[in-house]
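Novice: what's the 3D shape of this:
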Amino acid sequence: MLLLYILSLLTSQAYLSPVTKDALFQYIDDHQNDYIQRLKDWVAIESDSSDPSKRNQLQHMMQVTKDYILQLGGNVEMAELGEQEYSPGRKLHLPPVILAEFGNDTNKPTVCFYGHMDVQPAKKEDGWITEPYTLTEKDGNLYGRGTSDDKGQVLALLHAVESIKKIGLPVNVKLFIEGMEEVGSQGLEQLVEEKKNTFFSNVNYIVVTDTPWLSVKPGITYGARGNCYFLIEVKGARRDLHSGGFGGTVYEAMSDLIYLLDLLVDVKGKILIPGIYEDVLPLNEQEKELYKGLEFNLDELQADTGVQTFLHNTKEELLMHRWRFPSLSIHGIEGGFSGSGTKTVIPAKVIGKFSIRQVPNMNPSVVEKQVSDYLENKFSERKSPNKMKVNMVIGAQPWLANMNEPQYLAARKAVKRVFNIDADMIRAGGTIPIAKNFEEVLGKSVMLLGIGGPDDAPHGQNEKISKFNYIEGTKLYASFMQELTSF
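Specialist: Got it, this is the predicted structure:
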């Protein structure tokens, strides 16, 4: 069918653009209903990786993905990861990772795309306006769990492969698709290490298809913050105590914990731990200029979040503190009483949870020592007889790429070709461990080229992807593969 488009365009007086571009885009437009139907079918599979009762559906989702790749003509290996200890004495089979390949021409560059098929939990009673596992089209948006994160983005890529194969793949394509991303990608780092001299040996570029734009304007992500996640445990009595019998007579663990948590960050968001800012990569004038041209609306962010006043007043300041400066957030307290109603308990043990999003050139091991030393000193000053322990349970490193690498230049050209505007070069405030892992283990150039919108709510209620992003994103991935051949 695509060849017919090419012939018709060649004979058309209106033909101005390169025939491959026009024919390719027309093919995608003409098949968009098929693409939406396939997304509907995939959303209906409840591939929630956090729910052991849905593990069969997750396994089914990986098989469905494999079958479609085979239908497209790809070669597929299903890499087994073994078992997951879900709870003491209970194990579940981990879903296999899809390792797929289209083309093996040594004269062409090879690009490997990463994505995932598992989703976050979703229930209608949580506040969804639609059934979360039934794709619903409304006001130009496609609602459903996984539409943006990450089934919709992976499908856009696969549809791009399908369409461009009609005229010949300009590059070799590899796919690395997992099913446990939403719960920590168990076993993935080891698999990357195992496959670095086989599956990844001829890969030139790695693209992550699991990211949103900053605004309605397309964005290319070149950096992300890391994450040091801490637990502070404070232990007092041997058991929980009644406040009527013991209130005013004991050193309470909860009071000690709240005291320590209050010493971590001030009201303006400044981290109070000594030395924490010493290793932050200095801000230069070239980087400053990048922030000025970014499309970002504070009023829209306020309307979307319901936050009336942010810590910073300008677009540039807010984005810098969201992306390229460290932040500390307190997440919760485990222990004591947190249910509805009243209960006059003095908890014997409590655990505070907080994280520091660190940036280049901060080192997680250095951050761990800074935090531990600071909290131990402050607890000593309090002179409480309770026991305090600090533990860093996550130490994911930040990631920052060179925006002038070939695949970034190709992506910029592809954005210009599809949307007729220049891409925003953006960073992520969150953490993307797989990007840093790919970079360190494989020594490859890594780029995040997602097609999600800024208000897609990927982990929340009413997740969606706009129909525009879904279809035009398909064109973006196809164009990127074509543009990559010129570098």
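Novice: can you give me how far stretch 75-85 is from the chain middle?
Specialist: 22 Å (C-alpha atoms, centre = their mean, to the nearest Å).
Novice: Check the separation of the first and last residues in it.
Specialist: Stretch 75-85 has its terminal residues 31 Å apart, counting by C-alpha to C-alpha, to the nearest Å.
Novice: Repeat that for stretch 27-35.
Specialist: End-to-end distance for stretch 27-35: 12 Å, by C-alpha to C-alpha.
Novice: What backbone torsions are found at residue 172?
Specialist: Torsion angles at residue 172 (phi, psi; degrees, to the nearest 10) stand at phi -80, psi 140.
Novice: quick one: it and residue 107 touch, right?
Specialist: No - counting by C-beta atoms under 8 Å, residue 172 stays clear of residue 107, with 9.7 Å between them. In this view, the C-beta of every residue, glycine as well, is placed from N, C-alpha and C.
Novice: The two - which one has more neighbours?
Specialist: Taking other C-beta atoms under 10 Å, residue 172 and residue 107 do not tie; residue 172 has more neighbours (21 against 5).
Novice: Could I get the buried residue list for stretch 358-368?
Specialist: Neighbour counts using 16 or more other C-beta atoms under 10 Å place 358-360, 362-364, 366-368 of stretch 358-368 among the buried residues.
Novice: From those, pick the one nearest residue 405.
Specialist: Set against residue 405, the nearest of the buried residues of stretch 358-368 by C-beta to C-beta is residue 360 (16.4 Å).
Novice: How about residues contacting stretch 67-81?
Specialist: Defining contact as C-beta atoms under 8 Å, 6 or more residues apart in numbering, one finds that stretch 67-81 is touched by 38, 62, 66, 94-102, 158, 161-162, 165, 173, 175, 180, 186-188, 191, 195, 199.
Novice: quick revisit: can you list the buried residues of stretch 358-368 in CSV and add distance to residue 351 and pLDDT?
Specialist: Formatted as CSV, the buried residues of stretch 358-368 follow (distance: C-beta to C-beta, whole Å; pLDDT from 0 to 100):
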residue, distance to residue 351, pLDDT
358, 22, 95
359, 27, 96
360, 30, 93
362, 24, 96
363, 25, 94
364, 20, 95
366, 24, 97
367, 19, 98
368, 17, 98
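Novice: Tell me which of those fall in helices.
Specialist: Using DSSP state H, the subset of the buried residues of stretch 358-368 located in helices is 364, 366-368.
Novice: one step back: which of the contacts of stretch 67-81 fall within helices?
Specialist: Those of the contacts of stretch 67-81 mapping onto helices are 38, 62, 66, 158, 161-162, 165, 188, 191, 195, per DSSP H.
Novice: Quick check: of those residues, which has the highest neighbour count?
Specialist: Highest neighbour count within the ones in helices among the contacts of stretch 67-81: residue 158, with 26 neighbours (other C-beta under 10 Å).
Novice: quick check: domain ranges of the chain?
Specialist: The chain breaks down into these domains under automatic domain parsing: 31-224+398-486, 227-281+324-396.
Novice: distance between the ends of the shortest one?
Specialist: Read it as domain 227-281+324-396. 5 Å.
Novice: hey, which helix or strand in the chain has the poorest pLDDT?
Specialist: Lowest by mean pLDDT, DSSP states H and E among the helices and strands of the chain is helix 2-10, with a mean of 43.
Novice: Next secondary structure after it?
Specialist: helix 19-30 (DSSP states H and E).
Novice: Does anything pack onto that next one? Which helices or strands?
Specialist: helix 2-10, helix 151-165, helix 467-483 (3 or more C-beta pairs under 8 Å, 6 or more residues apart in numbering; DSSP states H and E).
Novice: tell me which residues in it are buried?
Specialist: Buried residues in helix 19-30, counted by 16+ other C-beta under 10 Å: 19-28.
Novice: can you give me the helices for the stretch 201-350 of the chain?
Specialist: Secondary structure of the stretch 201-350 of the chain (DSSP state H, counting those that start in this stretch): helices at 243-246, 253-261, 285-292, 298-305, 315-323.
Novice: ranking those helices by burial, who's on top?
Specialist: Stretch with highest mean neighbour count among those: helix 253-261 (a mean of 20; mean count of other C-beta atoms under 10 Å).
Novice: Tell me which residues are up against that one.
Specialist: For helix 253-261, the external contacting residues (C-beta under 8 Å, 6+ apart) are 232, 234-237, 330, 333, 335-336, 346-352, 354, 375, 378-379, 382, 384, 386, 388.
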